[in-house]
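[1] sharing a model that was predicted from the sequence below.
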Amino acid sequence: MQKPSIPKGTRDFTPPEMANRNYIFNTIKDVFRLYGFQQIETPAMENLSTLMGKYGEEGDKLLFKILNSGDFLNSLTEQEISDRNSLKLTTKISEKGLRYDLTVPFARFVVQNRDKISFPFKRYQIQPVWRADRPQKGRYREFYQCDVDVVGSDSLLNELELIQIVDEVYRRLKINVVIKINNRKILSGIAEIIGEADKIVDITVAIDKMDKIGLEKVNEEIASKGISENAIAKLQPILKLNGSNSEKLNILKSVLSQSEVGLKGVSELETIFGFCDMMQVQTKIELDLTLARGLNYYTGAIFEVKALDVEIGSITGGGRYDNLTGVFGMEGVSGVGISFGADRIYDVLNTLNLYPETSTENTQILFVSFGDKELIYALPWLSVLRNKGINAEIYPEPAKMKKQMTYADNKAIPYVAIVGETEMNENKVMLKNMKSGEQILVSVDELLQILNN
RNA sequence: GUGAUCAUAGCUCAGUUGGUUAGAGCGUCGGAUUGUGGUUCCGAAGGUCGCGGGUUCGAACCCCGUUUUUCACCCCA
């Protein structure tokens, strides 16, 4: 017999684990709805042509591809098989893939369903995504993303609302976080004024190392990337950038005074910070120039949320993309969105043990019986309780009392209703409080009264 | 994709320089207790030592390969 197993980087979830995960999903969902977002779903698999080329070269490698059905070798020539070119072969034998994120399928959804939606379109989507990554801490091959996006509106009020959503979700989950924010236009502005437009990535990577290796080493590293001395000199105020957000913005304003796009980015951030002040967003927001995630498609704000008490990478990320639907033939639709990483939030909650004690998913009362007659006697009682919305179950056979009681104990069911001949004769049940051990003989009405408290 | 690391009962783990029949705790099942769980006591079931090959008189232990676990890099939630 073979030992059962599941693919690398995937996980099973037990009932108590699911209760905890549902707590996360429900919290996030509640907040999304509070801000007027509506749910959609898209298929687990997309056409490979929809997915390929949207996440850069790395992303293409991390896509799970689905083998065509039937005799997929039949469509190949001898030449193609003997060439052993995996990359070329892939397009011939696989035309579907598992979704890699929710943003690209959403862009596809918007373009395809434009007749059914009206802008601004506020959608949320909570579904698993798959990446053929090598699993490690906080990294899985199957994990859930909880996306909120609004498309068809340039207003920075959308950025504000997303920040408010982050603020509210983590307040409810009781996780201490910091929101890091950057703006792609500022990064473009920096590249512009030092005349090295294609070096943004190198520069942000170097800035990121400031804390670790210090100013001198960072300058050496930038120089080694072929950036001119003149440009490095101009970069110095940016490398030394610190202080409050407004202090940082003031420095950027003077450094970027010659860059129209850079100043636009600064003013966007000023507006967003102003909104957050006015709306009294509690979470700390930090301007962080090293944030360069998703550089290929973000065009404005870039967000990332980090947990303060657990080392686990970012637990939420997102930004504004001006033309994501462009690749699917629909130009000029701007969107901004963020994605909550449910599985990393789950890890954070697990390490900090932040789950609420009362779980409403649990069974409230278990009926146990001494014989077949008692079993049948209990059935109408169950209906009465269930009709009142009380989670109730019955041990389905008159097993030994010890076994039935152990079952209740293991499931942490707070009440047990014991049914025997004496109880039946009086039209009552023996209600036992499993925590205190007390038990009393009760009628249906008395039972309902106790369970409703 | 690169570099480390782990794998023994359902779970967590022992297992001496390579030496008879591979152990413990927890869990499961049964009993002490035929109307009472969470405490206690007794008993039982449960193993191709990840898989394949090699060295050896002899391998859970040493060597090679492979898969898996965990971790770092890259990238990301």
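    Good, I have the coordinates.

[2] contact residues of the stretch 1-150 of chain A facing RNA strand B?
    Residues of the stretch 1-150 of chain A lying close to RNA strand B by C-beta under 7 Å from any atom of the strand are A:3, A:5, A:7-9, A:58-59, A:101, A:131, A:133-141, A:143, A:145. C-beta: built from backbone N, CA, C; applies to glycine.

[3] neighbours around residue A:267, how many?
    Per other C-beta atoms under 10 Å, the neighbour tally for residue A:267 reads 15.

[4] for it, grab phi and psi.
    phi -70, psi -30 (degrees, to the nearest 10).

[5] what does residue A:216 give?
    According to degrees, to the nearest 10, residue A:216 has phi -60, psi -50.

[6] count the neighbours of it for me.
    Residue A:216, neighbours per other C-beta under 10 Å, totals 8.

[7] and what of residue A:229?
    9.

[8] show me what contacts it?
    residue A:223 (C-beta atoms under 8 Å, 6 or more residues apart in numbering).

[9] alpha carbons only: can I get stretch A:163-179 in CSV?
    Written as CSV, here are the backbone C-alpha positions of stretch A:163-179 (Å, rounded to 0.1, in the frame of the first residue of the first chain):
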residue,chain,number,x,y,z
ILE,A,163,-5.6,52.4,3.4
GLN,A,164,-8.7,52.7,5.6
ILE,A,165,-9.5,49.1,4.8
VAL,A,166,-6.0,48.0,5.8
ASP,A,167,-6.3,50.0,8.9
GLU,A,168,-9.7,48.5,9.8
VAL,A,169,-8.9,44.9,8.9
TYR,A,170,-5.7,44.8,11.1
ARG,A,171,-7.5,46.7,13.9
ARG,A,172,-10.1,44.0,13.9
LEU,A,173,-7.5,41.2,13.7
LYS,A,174,-5.5,42.9,16.4
ILE,A,175,-2.3,42.7,14.4
ASN,A,176,0.2,45.6,14.8
VAL,A,177,1.3,46.6,11.3
VAL,A,178,3.0,49.4,9.5
ILE,A,179,1.9,50.5,6.1
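
[10] residues making contact with it?
    With C-beta under 8 Å, 6+ apart as the test, stretch A:163-179 has contacts from A:24, A:27-28, A:30-32, A:34-35, A:148, A:272, A:276, A:279, A:281-286, A:303-309, A:315-316, A:338, A:340, A:345, A:348-349, A:352, A:354.

[11] would you indicate which residues of it are buried?
    Judged by neighbour count using 16 or more other C-beta atoms under 10 Å, the buried positions of stretch A:163-179 are A:163, A:164, A:165, A:166, A:167, A:168, A:169, A:170, A:173, A:175, A:177, A:179.

[12] could I get those residues as CSV with distance to residue A:106 and secondary structure?
    As requested, the buried residues of stretch A:163-179 are arranged in CSV below (distance: C-beta to C-beta, whole Å; DSSP: H, G, I helix; E, B strand; the rest coil):
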residue, distance to residue A:106, secondary structure
A:163, 20, helix
A:164, 21, helix
A:165, 17, helix
A:166, 19, helix
A:167, 23, helix
A:168, 22, helix
A:169, 19, helix
A:170, 23, helix
A:173, 24, helix
A:175, 26, coil
A:177, 24, strand
A:179, 22, strand
